[in-house]
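Trainee: Based on what follows, work out the 3D shape:
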Amino acid sequence: MELRQLRYFVKVAETLNFSEAARSLFITQSTLSQQIRQLEDSLDTQLLNRTSHSVALTEAGEELLPYARRTLLDAELCEQRIRDLDKGLCGTLNIGVTYSFSPILTESLLTFMKEFPKVKLNILYKPMSELMELLVSRDLDFVLAFKPNEPIPGVESHYLFQNFLAVIVPDSHPLAAEKGVTIDMLRRYDIALPSRGLQARNALERMAGERMAELNVKIELNEVNILLKLLRQAKLVSVLAEATVMNESGITAIPLLGERCEMDGCVHVLNDSYRKRSMQEFIKILSNSIAVRARQNAWL
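Mentor: Below is the predicted model:
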């Protein structure tokens, strides 16, 4: 049984006239008759009663007709769905995002939802290590996170923008007026840090080395919004990626001075994986967003 044969059968069933059906289908009447016979042979039953003057559906033909119409409609919808997927107009996009990367994302999410309203977005916020596991298991299409300390097997990390570690303080804090802050300067203040394993914490430990033990760490937590709230209310000092505090009011980000303080924003994908059109469109929107473009040449 072929879709073409079902299409021919439906047209004959609707017109009850082989000549008229053949003209509508732009085929010869003999071709139409041959295809209907092949359909009947494949089903091992007669679908049409033919005489020299009339055509009528058999009981089997009456039974087949609604299923044939439904099958043709489903095939048409399937074809349209695949075309829409190829254009990035529908489907589902699964994105993994680290906590400190999330402020960069808001503008792009709003733009994408406006331009591609039929694409469902699943956004998952987790530490980078967990997101990479989900990427490798193909539960995510891509991950937005800062560049890892070491390459991750099977994962490509594509540069998106330049970022750096920053000392984050309330606007009223003494450090807020500084042009840059060193690790030694941090020793004078109470510190609130992101939990171990989070990217900003990893970058700080890599940069500070043994001097981490000299910091007066009062609290560690893995929720950035609560951390920023504590900074405002308790006048604590933290160290985060500068991008983390984008559009946050009442706090100031001061560059942390020293080597190895860079935190490049990256798009992480599986090696040689299929790239959804919706993913390509999302990354294009993200790359052209104000938040990313402002940081693409931050070193200038």
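Trainee: The stretch 151-300 of the chain: helices as residue ranges?
Mentor: 183-186, 199-208, 224-234, 277-287, 290-293 (DSSP state H, counting those that start in this stretch).
Trainee: Columns mean neighbour count, distance to residue 10 and mean pLDDT on top of those, output as a markdown table?
Mentor: Just so you know, the C-beta spots here come from the backbone N, C-alpha and C atoms, and that holds for glycine as well. Formatted as a markdown table, the helices of the stretch 151-300 of the chain follow (neighbours: other Cβ atoms under 10 Å; distance: least, Cβ to Cβ, whole Å; pLDDT from 0 to 100):
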| stretch | mean neighbour count | distance to residue 10 | mean pLDDT |
| --- | --- | --- | --- |
| helix 183-186 | 17 | 76 | 91 |
| helix 199-208 | 21 | 59 | 87 |
| helix 224-234 | 16 | 58 | 87 |
| helix 277-287 | 19 | 33 | 91 |
| helix 290-293 | 15 | 52 | 85 |
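Trainee: so can I have a markdown table of those helices showing distance to residue 76?
Mentor: A markdown table is the format used below for the helices of the stretch 151-300 of the chain (distance: least, Cβ to Cβ, whole Å):
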| stretch | distance to residue 76 |
| --- | --- |
| helix 183-186 | 65 |
| helix 199-208 | 47 |
| helix 224-234 | 47 |
| helix 277-287 | 21 |
| helix 290-293 | 40 |
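Trainee: Residue 140: which of those helices is closest?
Mentor: Residue 140 lies closest to helix 277-287 among these, at 10.3 Å (Cβ to Cβ).
Trainee: re earlier: and of the helices of the stretch 151-300 of the chain, who's closest to residue 62?
Mentor: Smallest distance to residue 62 across the helices of the stretch 151-300 of the chain (Cβ to Cβ): 42.7 Å, for helix 277-287.
Trainee: The stretch 1-150 of the chain: helices as residue ranges?
Mentor: For the stretch 1-150 of the chain, the helices defined by DSSP H, counting those that start in this stretch occupy 3-15, 18-25, 29-43, 59-86, 106-115, 128-136.
Trainee: Can you check which of the helices of the stretch 151-300 of the chain gets nearest to residue 261?
Mentor: Closest among the helices of the stretch 151-300 of the chain, using Cβ to Cβ: helix 199-208, at 5.4 Å.
Trainee: hang on, the earlier thing: mean pLDDT lowest for which of the helices of the stretch 1-150 of the chain?
Mentor: Lowest mean pLDDT within the helices of the stretch 1-150 of the chain: helix 59-86, at a mean of 84.
Trainee: circling back: residue 67: which of the helices of the stretch 151-300 of the chain is closest?
Mentor: helix 277-287 (33.0 Å).
Trainee: From what I see, residue 262 and residue 162 are in contact.
Mentor: Yes: taking contacts as Cβ atoms under 8 Å, residue 262 lies within contact range of residue 162: 6.9 Å.
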